[in-house]
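1. this one's sequence-less:
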């Protein structure tokens, strides 16, 4: 799994595809290249051993060539064996020196990929996790999940406060382009949700594409985060009660909701447009949910000045603006009001 923050300001156009080499294969390939470079240097030194002088016994054996090559490639040499002919010196200058640089670059790159990079990613992931508080976790980045993230951004949610979870690396490229945190993994697993710091999340949006998978994620999320607001997309009406029993705060059925809009259009052509305005942050009007303020307690719902009050939630009960209970607001009431939109 991976979690990542992306700065798109220095983006470059690049044609990419998934790497075919495994980490072990990459390591073996690099070792082969290093051995090939060293072997080339040893072979040339051996065939031109007449250009080398051993300061100890004056005789150049294969062991001396092997020793001289390794010392020359890995260090600057000790001076006990030295090139004395112009050809030997030219070879060391224009062949051995580049080989030395290539070997060191391969070594440093391998150390970075297999040691430093992993440690850096673990530290970076821990840093991002520690900064996640009151964020939104979006499990499933398909059509519904993607639109949910886009709407959250339009409503002013910072990309730093959104974590997208999906097992498909291809769709996460879109999440990366939006600048949000993303996690590649199965959201039905405890470890994946814990990596998204779900215990400190204020809300969870679940749209896994399959009702059974979505309900399983609801169960896992509710177990890990008892107080979070969990909204799940369910496509079959018969599974809506199961999702609520699993712990979902809200259940959205896009199929039945679309049917309501279509049916509403038969009674008024402007009704679907108005409903869309209410649902999106870019409409002329918008729905807002808030807690009743102290100076509003005792007043009727119709007297609020922040918008048009249409409904109140009092505990587990719901009352419309026309009902008697809406004539006197009480402490703890949750108000649903229509306010001007951003357009």
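-> Here it is on my side, so go on. Every value quoted in this text rests on a predicted model; they were computed, and no experiment measured them.

2. What about residue 59, how many residues nearby?
-> Residue 59: 9 surrounding residues under other CB atoms under 10 Å. Every residue, glycine included, has its C-beta placed from N, CA and C.

3. count of neighbours near residue 341?
-> 15.

4. Report pLDDT for it.
-> pLDDT recorded at residue 341 is 77.

5. I'd say it and residue 286 touch.
-> Yes. Contact criterion CB atoms under 8 Å: residue 341 and residue 286 qualify, at 4.5 Å.

6. Now the strand or helix carrying residue 33: buried residues?
-> Counting by DSSP states H and E, the element that carries residue 33 is helix 23-47. For helix 23-47, burial by neighbour count (16 or more other CB atoms under 10 Å) applies to 30, 34, 37-38, 41-42, 44-46.

7. Looking at these, which one is closest to residue 178?
-> Checking the buried residues of helix 23-47 against residue 178 with CB to CB, the nearest one is residue 30 at 35.2 Å.

8. ok, the closest one touching residue 105?
-> No. Between residue 30 and residue 105 there is no contact, the gap being 10.2 Å when judged by CB under 8 Å.

9. Would you pull up how far the helix holding residue 33 lies from the middle of the chain?
-> 38 Å (CA atoms, centre = their mean, to the nearest Å).

10. If you count contacts, what does that helix end up packed against?
-> helix 62-74, helix 97-111 (3 or more CB pairs under 8 Å, 6 or more residues apart in numbering; DSSP states H and E).

11. Could you list the paired strands of the next helix or strand along the chain from it along with their orientation?
-> Once the chain leaves helix 23-47, the next helix or strand it forms, by DSSP H and E, is strand 52-54. Note on strand 52-54: by DSSP bridges, its sheet partners are strand 81-83 (antiparallel).

12. any idea whether the most centrally placed residue in the chain is helix, strand or coil?
-> The residue lying closest to the centre of the chain (CA atoms, centre = their mean) is residue 182, at 1.2 Å. Per DSSP: H, G, I helix; E, B strand; the rest coil, the local secondary structure of residue 182 is strand.

13. looking at it, it is touching residue 172, isn't it?
-> Yes. When contacts are counted by CB under 8 Å, residue 182 is listed as touching residue 172 (4.9 Å).

14. shared neighbours, these two?
-> Here residue 182 and residue 172 share the contacting residues 141, 164, 166, scored by CB atoms under 8 Å, 6 or more residues apart in numbering.

15. just to revisit the earlier point, tell me the mean pLDDT for the helix holding residue 33?
-> 85.

16. How is the chain partitioned into domains?
-> As assigned by automatic domain parsing, the chain contains the domains 23-129, 133-252, 284-340.

17. any chance of these in TSV, with distance to residue 267 too?
-> Shown next, in TSV, are these (distance: least, CB to CB, whole Å):
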stretch	distance to residue 267
domain 23-129	49
domain 133-252	22
domain 284-340	19
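
18. Give me whichever of those domains is most buried.
-> With neighbours taken as mean count of other CB atoms under 10 Å, the domains of the chain reach their highest mean count in domain 133-252, at a mean of 19.

19. Give me the distance between the two termini of that domain.
-> Using CA to CA, to the nearest Å, the end-to-end distance of domain 133-252 comes out at 25 Å.

20. Same question for stretch 226-234.
-> This stretch, stretch 226-234, spans 21 Å end to end (CA to CA).

21. which residues make contact with that stretch from outside it?
-> Contacts for stretch 226-234 (CB under 8 Å, 6+ apart): 140, 144, 198, 201-207, 211, 214-215, 217-218, 221-222, 240, 243, 247-254.

22. and what of stretch 57-75?
-> With contact meaning CB under 8 Å, 6+ apart, stretch 57-75 is reached by 38, 41-42, 45-46, 49-50, 52-54, 77-78, 81, 92, 96, 99-100, 103.
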